[in-house]
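Novice: Next input, structure requested:
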Amino acid sequence: MPYRVNQKIGNHIYVYEVESYWDPVKKQPRQRRKYLGKKDPHTGEILSPHKGFTPRAAGDFGHIYLVLQVMERIGLSSVLRKAFPEVDKELLYLSMFQVLEGKPLYLFKPWAEAAYVEEPLALSSQRISRLAEELGRSEGRREMFFQSWVQSQGDLRAILFDITSLSSYSKLIEYLEWGYNRDGEKLPQVNLGMIVGQPSHLPLAYRIYPGSIADVSTLKNIILLLGDWGVREFTFILDRGFYSASNLKEMDKEEIRFVLPLSFSTKISSQLISRHLKDLQSPQYGFYYRGRPMFYVKEETVIADVPVFAHLYHDERRKADEIDHLMRRIVELEALVDKKEFWSKEEVWEHLEQAFKGSGKLFDVIGQKPRFQLKRKVKAISRLMNRMGKTIILTNDSNLGREDLLSLYRRKDALEKMFDVIKNELECGRLKVSSREAMEGRLFLTYLSLIIYSALSRIMKEQDLYKSYTLSEVIYE
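Specialist: Below you'll find the model as predicted:
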């Protein structure tokens, strides 16, 4: 039968409930003790250790604290407060929610109830929809934010710019048009142009273009826009899709510095590789870049009456990987065609294109139905292998050295990653909105989330955390 024991330690008396029991293993009597509390010296009442301290709720806070600190560090909170003083907290936490959870915004309310939010936010699904539309109508406020945000970034030495497609099922948004869809979807779309600053690696602003507008026609407007915001001394880092004679002339006319990879489908690229093929394998032109050997040649040339510097790089390790992939696919295609029955050569060509895009240029089709075979085009395959491991970068900036230029070029991968984040991790692959205002507001929220995501990712790279963790793992940890 349990009984109580008073134990005096110092000036306090502690009360325990004691119960005796028989231990069958040690074959002897034992005791269990349960702490009941401290005895009040005046009333004799036992003060429970839990009295007055029973938690009524527990909210997650660690990941929220992390993001709040990062937003303060990069200045996003203050710029947001200045442009949207009435709803800055709502915008802050909605954009934070997209980064931390990657789920649709209508799930924000149950998340906020389980998380520690300093000020309770009554953001129902209906309120979030109204807020998105209010954002969409507040073009002046958005432009004020862009300008203040760009100016807060300090010295911007380079600007990344590229465009991606966002599809939608909506039939009510006039900006949605049919055009070249970069994701290969048979849906109307808008084009989202993203501007990213260097060396901050943070999104600066974005622009929306109708789905049928060609990529190259957007450059001049972006140049004017950056000029209005006071950004004039910079280098444009562009995707190879922007290469054209008219673009080169326009940038030369406007005295805009640029870095532009050259597509291997152009005649000039074939000529450059042909002239420097031996040099790009010579020890005389070798150097080390981030722990791996490479070869480099620079040539001053003229394209479309524009003087440019062509920088050629060759990476033997990358070439070996690319040749391994190519030969594996060639052997697989030959075996597949040899085993399968086809009823025309056209059917074989179609099958090749579906299995490995562009592979039709590497083979002749011989034989008769239903058995065909592939015969390798040795010269075509050799030309393709000569390109492997190589990169050609055009620039009109004579001050860029081989390492600086390569670093700037490789940063465009960060922009491609941002597009991937928009379409996958931030749940904006398709625009689920019914009006242009809602679309504009929804994209602005996604843009804010992308700033946070990019800042977190930059810190992880600086701390070399990606070797051991993903960003999601860090957030959950």
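Novice: low-confidence ranges in the stretch 151-300 of the chain?
Specialist: 167-189, 210-217 (pLDDT under 70).
Novice: can you tell me which residues contact the residue nearest the centre of the chain?
Specialist: Nearest residue to the geometric centre of the chain (C-alpha atoms, centre = their mean): Met418, 2.5 Å. Residues near Met418 by C-beta atoms under 8 Å, 6 or more residues apart in numbering: 194, 196, 203, 450, 453-454. In this view, the C-beta of every residue, glycine as well, is placed from N, C-alpha and C.
Novice: between these, which is closest to Leu47?
Specialist: Proximity of the contacts of Met418 to Leu47 was ranked by C-beta to C-beta; the top entry is Tyr453 with 49.5 Å.
Novice: Could you double-check that that closest one sits in contact with Val99?
Specialist: Yes. Contact criterion C-beta atoms under 8 Å: Tyr453 and Val99 qualify, at 5.2 Å.
Novice: buried residues in the helix or strand Met96 falls within?
Specialist: Assessed by DSSP states H and E, Met96 sits inside helix 88-101. Going by neighbour count (16 or more other C-beta atoms under 10 Å), the buried part of helix 88-101 is 88-101.
Novice: quick one, phi psi at Met388?
Specialist: Per-residue torsions, Met388: phi -60, psi 140 (degrees, to the nearest 10).
Novice: and it, what does it touch?
Specialist: 318-319, 322-323, 326.
Novice: For Ile46, which non-adjacent residue is spatially closest?
Specialist: Leaving aside its sequence neighbours, Ile46 sits nearest to Gly37 (C-beta to C-beta, 6 or more residues apart in numbering; 4.6 Å).
Novice: Let's see the distance spanning stretch 104-115 from one end to the other.
Specialist: Using C-alpha to C-alpha, to the nearest Å, the end-to-end distance of stretch 104-115 comes to 17 Å.
Novice: Which parts of it count as buried, going by neighbours?
Specialist: Along stretch 104-115, these residues count as buried under the neighbour rule (16+ other C-beta under 10 Å): 105, 108, 111-112, 115.
Novice: In those residues, find the pair that's most separated.
Specialist: Leu105 and Ala115 (14.7 Å).
Novice: Can you name the element that comes right after the helix or strand harbouring Leu408?
Specialist: In the assignment (DSSP H and E), Leu408 maps to helix 402-410. Per DSSP H and E, the first helix or strand lying C-terminal to helix 402-410 is helix 412-420.
Novice: Now find how far off-centre whichever helix or strand comes after that next one is within its chain.
Specialist: Moving toward the C-terminus from helix 412-420, the next helix or strand (DSSP H and E) is helix 436-462. Averaging C-alpha positions (C-alpha atoms, centre = their mean, to the nearest Å) puts helix 436-462 9 Å from its chain's average.
Novice: tell me which residues in helix 436-462 are buried?
Specialist: 436-460.
Novice: For it, the averaged confidence score.
Specialist: On average, the pLDDT along helix 436-462 is 88.
Novice: relative to helix 88-101, how tilted is it?
Specialist: Angle, helix 436-462 to helix 88-101, by axes from the mean of the first three to the mean of the last three C-alpha atoms, to 10 degrees: 60 degrees.
Novice: Does Leu66 touch Ile475 like I think?
Specialist: Yes. With contact defined as C-beta under 8 Å, Leu66 counts as touching Ile475 (7.4 Å).
Novice: Between those two, which contacts overlap?
Specialist: In contact with both Leu66 and Ile475: Leu456, using C-beta under 8 Å, 6+ apart.
Novice: just to revisit the earlier point, for PyMOL, what selects the buried ones among the contacts of Met388?
Specialist: The PyMOL selection below is limited to those of the contacts of Met388 classed as buried (16+ other C-beta under 10 Å):
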select buried, resi 318+319+322+326
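Novice: I'd like the contacts of Met388 as CSV, with secondary structure, distance to Lys253 and pLDDT appended.
Specialist: As requested, the contacts of Met388 are exported to CSV (DSSP: H, G, I helix; E, B strand; the rest coil; distance: C-beta to C-beta, whole Å; pLDDT from 0 to 100):
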residue, secondary structure, distance to Lys253, pLDDT
Arg318, helix, 36, 92
Lys319, helix, 37, 93
Glu322, helix, 37, 93
Ile323, helix, 41, 93
Leu326, helix, 41, 92
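Novice: Mind putting the contacts of Met388 into JSON lines with distance to Trp22?
Specialist: Below are these laid out as JSON lines (distance: C-beta to C-beta, whole Å):
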{"residue": "Arg318", "distance to Trp22": "74"}
{"residue": "Lys319", "distance to Trp22": "78"}
{"residue": "Glu322", "distance to Trp22": "76"}
{"residue": "Ile323", "distance to Trp22": "77"}
{"residue": "Leu326", "distance to Trp22": "78"}
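Novice: and the closest residue to Ile74 other than its chain neighbours, how far is that from Val70?
Specialist: In this structure, Ile74 finds its nearest non-sequential neighbour in Ala455, 5.1 Å apart by C-beta to C-beta, 6+ apart. Here the criterion is C-beta to C-beta, to the nearest Å. By it, Ala455 lies 5 Å from Val70.
Novice: go on, Glu332?
Specialist: Taken as C-beta to C-beta, the span from Glu332 to Val70 is 46 Å.
Novice: Please identify which of the two sits among more neighbours.
Specialist: Val70 (19 against 12; other C-beta atoms under 10 Å).
Novice: list the contacts for that one?
Specialist: 452, 455-456, 459.
Novice: Kindly indicate which of those lies nearest Asn247.
Specialist: Ala455 (31.3 Å).
Novice: Just give me the closest of the buried residues of helix 88-101 to Arg127.
Specialist: Glu90 (8.4 Å).
Novice: before we move on, the earlier item: any chance of the contacts of Val70 in CSV, plus distance to Leu80?
Specialist: What follows is those, written out as CSV (distance: C-beta to C-beta, whole Å):
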residue, distance to Leu80
Ile452, 11
Ala455, 13
Leu456, 17
Ile459, 19
